[in-house]
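**Student:** Okay, here's the prediction I keep looking at, along with the sequence it came from:
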Amino acid sequence: MGTTVEFSGTVRRWNPDTPGGLAVVDVPDDCVTQLGGRKQRRVTGTLNGAEFAGSTMLVAGGGFCVGVSKAALKAADAEVGDDVEVVLQREQP
């Protein structure tokens, strides 16, 4: 059994200076602890109701985000700049 968090966020580029590349959604501070802290780990969940798998990662300056693939964005009918509903689940060790 795992821990699940739900939040809304905006899809953005990991590196805004690079065309294309990795898309991410920032994880709100109040959800970070529930996901096990600021550690990189694999997660599963939904993006606008579409299932996906991704990895959490640290953001410079103390932030935390989850990467979303092009396929996940397409399945969620979303793109960079869109607001999305995210459900993430971290499996217990």
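**Tutor:** Great, that's in hand.

**Student:** is the spatially most central residue of the chain in a bridge, and if so with what?
**Tutor:** Nearest to the mean C-alpha position of the chain, by Cα atoms, centre = their mean, lies V66 at 2.7 Å. Going by DSSP bridges, V66 is paired in beta bridges with V25, T56.

**Student:** Per-residue pLDDT of it, please?
**Tutor:** Looking at V66, its pLDDT stands at 96.

**Student:** Quick check: it touching T44?
**Tutor:** No: counting by Cβ atoms under 8 Å, V66 does not reach T44; the two are 10.5 Å apart. The C-beta positions use only the backbone N, C-alpha and C, and glycine is treated the same way.

**Student:** so what's in contact with these two at the same time?
**Tutor:** Both V66 and T44 are in contact with L88, where contact means Cβ atoms under 8 Å, 6 or more residues apart in numbering.

**Student:** mind checking the longest strand of the chain?
**Tutor:** For the chain, the longest strand by residue count, based on DSSP state E, is strand 2-13.

**Student:** Give me the distance between that strand and the centre of its chain.
**Tutor:** Averaged C-alpha coordinates place strand 2-13 at 5 Å from its chain's average position (Cα atoms, centre = their mean, to the nearest Å).

**Student:** partners of it in the sheet?
**Tutor:** Strand 2-13 has its sheet partners listed here by DSSP bridges as strand 23-26 (antiparallel), strand 83-91 (antiparallel).

**Student:** Give me the contacts around the first one.
**Tutor:** Outside strand 23-26, the residues that touch it by Cβ under 8 Å, 6+ apart are 9-14, 47, 57, 59, 63-70, 73, 80, 84, 86.

**Student:** repeat that for 6 Å
**Tutor:** For strand 23-26, contacts defined as Cβ atoms under 6 Å, 6 or more residues apart in numbering pick out 9, 11, 14, 63, 65-68, 80, 86.

**Student:** farthest-separated two in those?
**Tutor:** Across the contacts of strand 23-26, the longest distance by Cβ to Cβ is 17.1 Å; it joins G63 and V80.

**Student:** Low-confidence regions, the chain specifically.
**Tutor:** 1-2, 91-93 (pLDDT under 70).

**Student:** the longest helix in it is where?
**Tutor:** Secondary structure assigned by DSSP state H gives helix 70-75 as the longest helix of the chain.
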